[in-house]
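Undergrad: Please work out how this folds:
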Amino acid sequence: MSQDEMVTINAYTRIPKKYGKALLATMDAFDEALKNNDYLEAAKAIGVLEFIGQTDIDYFVGMMYQRMALELMGYSMDTFHVIADPRVDVYTAKAIEHFSRIPGYSDFYSASVAVVETDYRVLGDYEHLDRLLRNNDLGLSPIEELSRRIECLEALALSNPEGSDGWPVSVDMRRVEHICEIEAQQISKFKVFDSFANALSMAAECVSQISEYSKNVTNCGTRFEEYQETAPFAAIYDKCVFVLRCCDLIDESILPEGMADLPQIALSDCSWLQRIEEYRSGNWKERLLQLCSILCAPEQHPGVDSYQCVEGILRSCISLGQYDLSPVIDNYLSVILDAAEHGNKSAQGYLGFTHSMIRVDGNDRFGLRDKLSGYPIQAGEGFHGMVLQQAKLANSLTRHCFDALINAECAFALHESANLAVRDASHIALMYFRVLEIDYNDNLIRPFVNAIDYSELEDLTGYIEYNSRRRSDEPIVESHKRWLKDLDSIYAVKTGFKKSIEIGVIRTLLAHIHHRSDQCAQLLEESLESVLTTDGVDAYRTEKMIDVIGRARVDEYRNPGAHTGFVTLSKANEAREFVLSWAPIVETWFKAAGHGE
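TA: From the prediction side, this is the model:
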């Protein structure tokens with residue numbers, strides 16, 4: 001073939017001239033296939049490119065694997081989560097393998113290096129990221145480099161929260177002495193500050209968990225890093241402090257006043273007993289809330305989207321257990337409303353969560369209900385409807401259960417989107433299980449208590465007479481013993497002393513009524529079945545009503561958040577799926593829920 005019949009594509013690629021148009025058309029077909037997630041067509045296009053003579057085939061193969069990984073991750077490379085699908089790591093590793101083959105003289109070299117750097121961050125591969133950044137082929141400024149290193153550490157902590165495999169001894173890089181006003185550096189600065197806020201919040205959560213452990217276990221000692229129950233939190237705490245030590249790489253003039261030693265603020269120099277004492281005082285947590293608000297404040301980051309900054313503050317509040325977001329919402333209301341009006345799901349979520357909290361507890365000290373009037377999230381119904389439409393629960397739940405589910409859904413959405421290495425989600429699992437607890441109390445226990453014939457119950461048990469002298473020295477009447485605790489609960493609700501009873505008490509009461517055969521059990525069972533639908537009676541008699549709130553599920557989903565214990569987001573998601581599947585069924589058991597016959 002003569003030289004005239006060849007065409008130069010780049011400095012090192014020449015293809016037959018007759019294939020010139022085919023090359024461009026095939027590259028367009030490849031791009032279109034990736035947009036449509038049609039990997040078979042993308043692979044066909046790669047084969048055509050290779051036949052034509054395109055020498056950068058590894059770049060196109062890498063792009064295909066990269067897209068496959070991104071699809072599984074929800075097209076986000078900025079927020080790191082533990083992805084359950086193992087194909088993410090496989091596809092990402094394949095993409096790196098092919099991108100790494102692109103020679104330095106290729107037109108695709110810079111793009112390949114950028115993608116490889118991103119993939120190392122996603123995988124938490126700090127060793128290879130460190131090696132790549134030292135070459136500085138990307139021409140990053142020190143603050144941009146630091147941002148990438150910290151994001152990689154967060155991803156590494158996600159994949160191995162308790163272990164030290166792959167964790168560096170130190171972060172060795174150029175010092176950040178100046179930050180330009182260009183957007184890339186300002187965004188990197190915000191990401192670093194936001195990571196510091198996240199690390200402070202997570203450190204506090206670890207101290208909180210160990211504090212609860214020491215409170216509930218007698219003679220537990222002080223070597224919490226060695227105990228099976230607390231070692232994970234001690235390990236995560238150390239990782240948080242490691243991230244906070246990166247502040248030493250930043251010139252003090254760049255950091256907000258009083259934040260030159262973030263590890264010390266996180267109590268790194270204290271013993272575990274001192275940390276626990278500081279946490280229980282409440283002052284430390286309040287200080288951390290203030291510092292996180294300063295680190296993420298929009299005025300600290302003039303080159304960054306204002307809502308992105310406010311979102312960092314709100315996320316820190318949730319992480320530190322401050323669920324009353326009203327002060328922050330009110331302070332940055334115009335910023336949050338603007339983001340919500342433009343379809344920002346996070347902004348809509350925080351507004352919906354705040355409004356639902358106001359609706360449930362009635363505390364509206366900033367008048368946010370009126371201030372939100374006229375916006376898409378007015379009264380929270382727009383957001384609530386969006387949350388519940390998929391679950392198809394809006395029409396099957398009572399108002400009280402509806403509001404409790406909204407709170408749980410909002411908390412789950414906020415927790416899921418948070419960019420933190422590890423976080424306890426036990427409170428979220430508890431919030432979901434509370435939906436069932438409310439349902440059983442509102443629609444079963446209270447109607448049941450009101451249906452009881454108390455004169456007959458008194459004739460059978462003599463409870464009121466006995467209760468009036470139970471503090472005396474007289475011995476407990478034997479016939480009263482087996483029903484005493486159950487009657488205590490029933491009368492506590494009847495007299496208004498309690499508005500509800502715990503889920504475990506409900507389960508025990510139902511089991512006693514079902515399994516005992518004395519006259520008291522018969523009377524209570526008659527009253528109980530009178531407030532149930534036909535389906536409800538069947539659920540009670542087959543013990544399905546008891547199984548739904550069985551001990552195993554309570555211990556798994558509810559008790560860790562009500563007491564001490566760590567629950568992963570995946571476990572909280574199990575609680576969510578369980579409640580979303582059973583709540584509409586449970587509602588059909590109770591006449592008081594609007595299913596009278």
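Undergrad: Might one say that V304 is in contact with F190?
TA: Yes: applying C-beta atoms under 8 Å as the test, V304 and F190 come out as touching, 4.5 Å apart. Bear in mind the C-beta positions are built from the backbone N, C-alpha and C, glycine included.
Undergrad: Leaving aside the residues adjacent along the chain, what's closest to W589?
TA: Once flanking residues are discounted, W589 sits nearest to G536: 3.2 Å by C-beta to C-beta, 6 or more residues apart in numbering.
Undergrad: Quick one: residues contacting that neighbour.
TA: Going by C-beta atoms under 8 Å, 6 or more residues apart in numbering, G536 touches 545, 588-591.
Undergrad: What strand or helix carries it?
TA: Per DSSP states H and E: G536 is located in helix 534-541.
Undergrad: what separates the very next helix or strand once past that helix from the chain centre, distance-wise?
TA: Sequence order places helix 544-547 as the next helix or strand after helix 534-541, per DSSP H and E. The chain centre lies 29 Å from the centre of helix 544-547; the measure is C-alpha atoms, centre = their mean, to the nearest Å.
Undergrad: Buried residues, helix 544-547. List them.
TA: By neighbour count on 16 or more other C-beta atoms under 10 Å, the buried set for helix 544-547 is 544-546.
Undergrad: Residues in contact with that helix: which ones?
TA: Residues outside helix 544-547 that contact it (C-beta under 8 Å, 6+ apart): 507, 510-511, 514, 536, 538-540, 589.
Undergrad: Quick check on the residues you listed: which are buried?
TA: Here, 16+ other C-beta under 10 Å leaves 507, 510, 514, 536, 539-540, 589 buried among those.
Undergrad: Dump these to TSV, plus distance to I46.
TA: Converted to TSV, the buried ones among the contacts of helix 544-547 look like this (distance: C-beta to C-beta, whole Å):
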residue	distance to I46
R507	60
L510	63
H514	65
G536	60
A539	57
Y540	62
W589	58
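Undergrad: can you give me the strands for the protein?
TA: Along the chain, counting by DSSP state E, strands occupy 6-10, 13-16.
Undergrad: ok, of those, where does mean pLDDT dip lowest?
TA: Ranked by mean pLDDT, the strands of the chain end with strand 6-10 in last place, scoring a mean of 48.
Undergrad: residues in contact with the nearest residue to Q66 once chain neighbours are set aside?
TA: Among residues not flanking Q66 along the chain, A95 sits closest, at 4.3 Å (C-beta to C-beta, 6+ apart). Taking C-beta under 8 Å, 6+ apart, we find A95 in contact with 62-63, 65-66, 69, 115-116, 119.
Undergrad: Looking at the residues you listed, which are in helices?
TA: Among these, DSSP state H puts 62-63, 65-66, 69, 115-116, 119 in helices.
Undergrad: what's the closest of those residues to A42?
TA: Closest to A42 out of these is M63 (8.3 Å), distances taken as C-beta to C-beta.
Undergrad: For that closest one, give its distance to E145.
TA: Distance of M63 to E145, computed by C-beta to C-beta, to the nearest Å: 25 Å.
Undergrad: cool, Y491 as well?
TA: Going from Y491 to E145 by C-beta to C-beta gives 67 Å.
Undergrad: do the same with T542
TA: To E145, T542 is 63 Å away according to C-beta to C-beta.
Undergrad: And for V505?
TA: 57 Å.
Undergrad: more neighbours, these two?
TA: Using other C-beta atoms under 10 Å as the criterion, V505 and E145 rank with E145 on top: 21 against 17.
Undergrad: ok, the more buried one touching M173?
TA: Yes: counting by C-beta under 8 Å, E145 touches M173, with 5.7 Å between them.
Undergrad: Overlap in contacts, these two.
TA: L133.
Undergrad: re the thing from before, out of the contacts of helix 544-547, which comes closest to I452?
TA: Distance to I452, by C-beta to C-beta, is smallest for L510 among the contacts of helix 544-547, at 14.4 Å.
Undergrad: Pull the contacting residues for that closest one.
TA: 528, 540, 545-546.
Undergrad: Tabulate these (JSON lines), appending distance to L325 and pLDDT.
TA: Listed next are these as JSON lines, based on distance: C-beta to C-beta, whole Å; pLDDT from 0 to 100:
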{"residue": "L528", "distance to L325": "41", "pLDDT": "95"}
{"residue": "Y540", "distance to L325": "41", "pLDDT": "95"}
{"residue": "M545", "distance to L325": "36", "pLDDT": "94"}
{"residue": "I546", "distance to L325": "37", "pLDDT": "92"}
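Undergrad: closest to P584 among those residues?
TA: The closest of the contacts of L510 to P584 turns out to be M545 (C-beta to C-beta; 14.8 Å).
Undergrad: What's the local residue count around R446?
TA: For R446, the neighbour count with other C-beta under 10 Å is 18.
Undergrad: hang on, it packs against V493?
TA: Yes: assessed by C-beta under 8 Å, R446 is found in contact with V493 at 6.4 Å.
Undergrad: on that earlier part again, redo the buried residues of helix 544-547 as TSV? Include distance to F433.
TA: Below are those laid out as TSV (distance: C-beta to C-beta, whole Å):
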residue	distance to F433
K544	17
M545	15
I546	15
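Undergrad: Find the residue ranges of the stretch 251-400 of the chain scoring beneath the pLDDT cut-off.
TA: 356, 359-362, 373-399 (pLDDT under 70).
Undergrad: The same query, at a cut-off of 80, please.
TA: The model of the stretch 251-400 of the chain has pLDDT under 80 over residues 318-319, 321-323, 345, 348-349, 352-353, 355-363, 369, 372-400.
Undergrad: The stretch 401-550 of the chain too?
TA: By pLDDT under 80, the weakly predicted segments of the stretch 401-550 of the chain are 401-430, 459-482.
Undergrad: same thing but 70
TA: Along the stretch 401-550 of the chain, segments meeting pLDDT under 70 span 403, 410, 413-425, 465-481.
Undergrad: where do the helices sit along it?
TA: 426-440, 446-451, 454-461, 463-468, 478-481, 484-494, 503-515, 519-530, 534-541, 544-547 (DSSP state H, counting those that start in this stretch).
Undergrad: right, so these: which one is the most enclosed?
TA: Mean neighbours per residue, mean count of other C-beta atoms under 10 Å, is largest over the helices of the stretch 401-550 of the chain for helix 426-440, with a mean of 25.
Undergrad: Give me the helices and strands touching it, please.
TA: Packing partners of helix 426-440 (3 or more C-beta pairs under 8 Å, 6 or more residues apart in numbering; DSSP states H and E): helix 399-417, helix 503-515, helix 559-562, helix 569-587.
Undergrad: Mind listing what's buried along the last one?
TA: Meaning helix 569-587. Within helix 569-587, the residues that count as buried by 16+ other C-beta under 10 Å are 569, 571-576, 578-580, 582-583, 586-587.
Undergrad: Dump the contacts of helix 544-547 to TSV, plus distance to A22.
TA: Output for those, formatted as TSV (distance: C-beta to C-beta, whole Å):
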residue	distance to A22
R507	71
L510	74
A511	75
H514	76
G536	70
D538	69
A539	67
Y540	72
W589	67
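Undergrad: Most widely separated two among those residues?
TA: R507 and D538 (18.1 Å).
Undergrad: and K191, how many residues sit next to it?
TA: 23.
Undergrad: quick one: it and E299, what's the gap?
TA: The value you get for K191 to E299, if C-beta to C-beta is used, is 17 Å.
Undergrad: do the same with C270
TA: Distance from C270 to E299, counting by C-beta to C-beta: 31 Å.
Undergrad: Comparing those two, which residue is more hemmed in?
TA: Neighbour totals were compared for C270 and E299, and C270 leads with 14 against 8 (other C-beta under 10 Å).
Undergrad: what's the more buried one in contact with, if anything?
TA: E278.
Undergrad: for A29, same thing?
TA: 41, 45.
Undergrad: okay, now the spatially closest residue to C247 that is not a sequence neighbour: neighbour count?
TA: Closest residue to C247 apart from its sequence neighbours, by C-beta to C-beta, 6+ apart: L262 at 4.7 Å. Counted with other C-beta under 10 Å, residues neighbouring L262 total 26.
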